[in-house]
Structure formats: C-alpha cells, structure tokens
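Q: need a structure here:
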Amino acid sequence: MDFGKFVWVASVSQDRLIKQGFFGKGTLSRSIPTWDARREQVNNPRLELAPEQVTAKRRSKRREQKQLRAGMQVTATNPEEMYTMEELAAWTGGRGYEQFQLDLYETFFLLYALDVLDLENKHGTKMTTTDCWSLFHQCTEQFAYHFAAYHYYRSQGWVPKDGLKFGVDFVLYQQGPTSKHSDFSVLVIPCVTTAVQDTSDHHDTTMQLLTQPHDQAPHASWVNLLRINRVCAHVKKTLVLCYVSMDASVAHKATNDPSVLNHCHIHEVVFRRWSPSANRE
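A: Prediction:
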C-alpha cells in the first residue's frame, strides 16, 4: 500500500485470476501481463504479437495513411513508440520486472465476496476483512459506495475496470478487456437515504428520498456530466449514472464496518445526448 492504491499479488497464480474473471493487471502492460511475452520475442520473433504491439502497429499505419492523404512525406515510425524491445531487454538484463497487481475493489471482492484471497500488511501479518475495509477507506474516499457499485456489476456478470482514463469510475466489459472494448462507462454518485414522516392521512408512514449527491462527488454537476458524456460518446460508450444510496442510520459506520453494504441500494440512469437532427425517428 506504500506504493499506491494497489495490492501486489505474490503467491497466487496470475492465470487463474485472469482466466476466471479478469482480475488484476500487469504493471508494464495495458491489461493482462504481456511483458515477458514481448521480451521473449527478442530471441524468437515468430511468437504471436501482444495486444500492445498490435495497437502500436495499427497506430503507426494510421499515421502513415494520414501523411499520405495530406500529401506529406511518409516518415518511418517506431511501432514501440519510444524504444525497441531489443533496447529494453538489454537495459533490463533479460530480467522480468513486471508485477501483477489488483486494485482495491478487486481485492476486497476476492476477499469479502468470494473468500479466495488472504491479504498481508507490510509486516507480514494477515489482515482481517474489517482491517482491509478500514485501510481501503483511508486510501479511497467513499470506498463503501464505490465498492457497492463494483460488487453489483460483478454480480450481474460484468467485468468492471478502472475508468479514470475516460473521467468515470468504472468501465464495463462483457467478456473482459481482451475480447472487445467496453460498452458502458459508470459514474458512481453516492447518496444518503432519509426517512420522512407523512401525516396527511393521519397515519405514520415513511418514504425514502435520495438527497443531493455527496459533497465529494463534484462530477455530479450538470456541467461536468455534459463534459463526461461528450467524452463517452466520442469513444462510443454509454454513460450510466449509478446512484448508490445508503440508509442515513448506518451511513456513519461506512468507514469501519463492511456490514453497511447490506443497506445499500442501487439506482441506475442511462445518460445520453439527444440530438434533434439525429433522433427525429
């Protein structure tokens, strides 16, 4: 935890975590660890290209086509963008430096929901579920609300991944990031559920109202929502507003007790840009 908001996996099979749910990522790769495979190509160029290399070649070809259309002289580009794998392999001495890591939501899901992971602190002491919950709350504001959303989408069969690149909290994949691009982007909006007394019919009844989003969710303003939706539309993703509400009676325990997840409720709203010219029918 001293090196960022991630948990480094030391003694578990990476293949199992990736193939059984696409949990985790490689520190030197876009998604699944491919550094070793790319490094081995230095001595065996016939090996299958890694996704990063396919993307680099496609971008290089796209730049050349733009130069041709613009009547410019085509300049050779390095598919690896900066350095060749031969140079990188020489600098690292043939050693594999890539680490396998989980984000906090993946870690707690494996620990709390599936009970297939043990977590140790930097002193080698095994941490309890409550210890992890409290620590993760110190690292990430509103961890309870975001994890409730992560747990919800995982339970529905989606593969949520970090959506910071697109200005959202999560992006949702149907079959994992190696098969196709994500279809949905999710913005988590924490809310508190309050009870209101209605005596209009002389009977004490209660109804649940969602209050305004939490102060620590500035992205929920209309201006920022329009900005985020524009980005999502540009990358062909549907923006989903995920309102995670928690009973006010237990919200004060959110930082130290994972049992508050039993009092969370999920409400979803699909946010789309409506164009008069494009949506006439």
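Q: From residue 50, how far off is the nearest residue to residue 25 once chain neighbours are set aside?
A: Of all residues beyond its chain neighbours, the one nearest residue 25 is residue 31 (5.4 Å), with distances taken as C-beta to C-beta, 6 or more residues apart in numbering. Backbone N, C-alpha and C define where each C-beta goes, glycine included. From residue 31 across to residue 50, the span is 10 Å (C-beta to C-beta, to the nearest Å).
Q: How about residue 246?
A: Residue 246 is 42 Å from residue 50, by C-beta to C-beta.
Q: same deal with residue 227?
A: Residue 227 is 33 Å from residue 50, by C-beta to C-beta.
Q: For this protein, name the helix or strand with the lowest mean pLDDT.
A: Here the helix or strand of the chain ranked lowest by mean pLDDT, DSSP states H and E is strand 205-210, holding a mean of 40.
Q: which stretches of the stretch 51-200 of the chain form strands?
A: Counting by DSSP state E, counting those that start in this stretch, the stretch 51-200 of the chain has strands at residues 100-103, 159-162, 170-173, 184-198.
Q: Where among those is average confidence lowest?
A: For those, mean pLDDT drops lowest on strand 184-198, to a mean of 81.
Q: Which strands or helices does that one pack on?
A: Helices and strands touching strand 184-198, by 3 or more C-beta pairs under 8 Å, 6 or more residues apart in numbering; DSSP states H and E, are helix 143-155, strand 170-173, strand 205-210, helix 222-234, strand 238-247, helix 248-251.
Q: Go through the second one and flag the buried ones.
A: Residues of strand 170-173 classed as buried by neighbour count (16 or more other C-beta atoms under 10 Å): 170, 171, 172, 173.
Q: Okay, and the beta partners of the spatially most central residue of the chain?
A: In the chain, the residue lying closest to the centroid (C-alpha atoms, centre = their mean) is residue 162, at 1.6 Å. For residue 162, the beta-bridge partners are residue 170 (DSSP bridges).
Q: Confirm for me that it is in contact with residue 102.
A: No - contact criterion C-beta atoms under 8 Å: residue 162 and residue 102 do not qualify, at 11.2 Å.
Q: ok, back up a step: okay, residue 227 and residue 50: which has more neighbours?
A: More crowded of residue 227 and residue 50, by other C-beta atoms under 10 Å: residue 50, with 20 against 13.
Q: Look up how far residue 150 lies from the more buried one.
A: For residue 50, the distance to residue 150 - C-beta to C-beta - is 27 Å.
Q: now swap in residue 179 and tell me
A: Distance from residue 179 to residue 150, by C-beta to C-beta: 20 Å.
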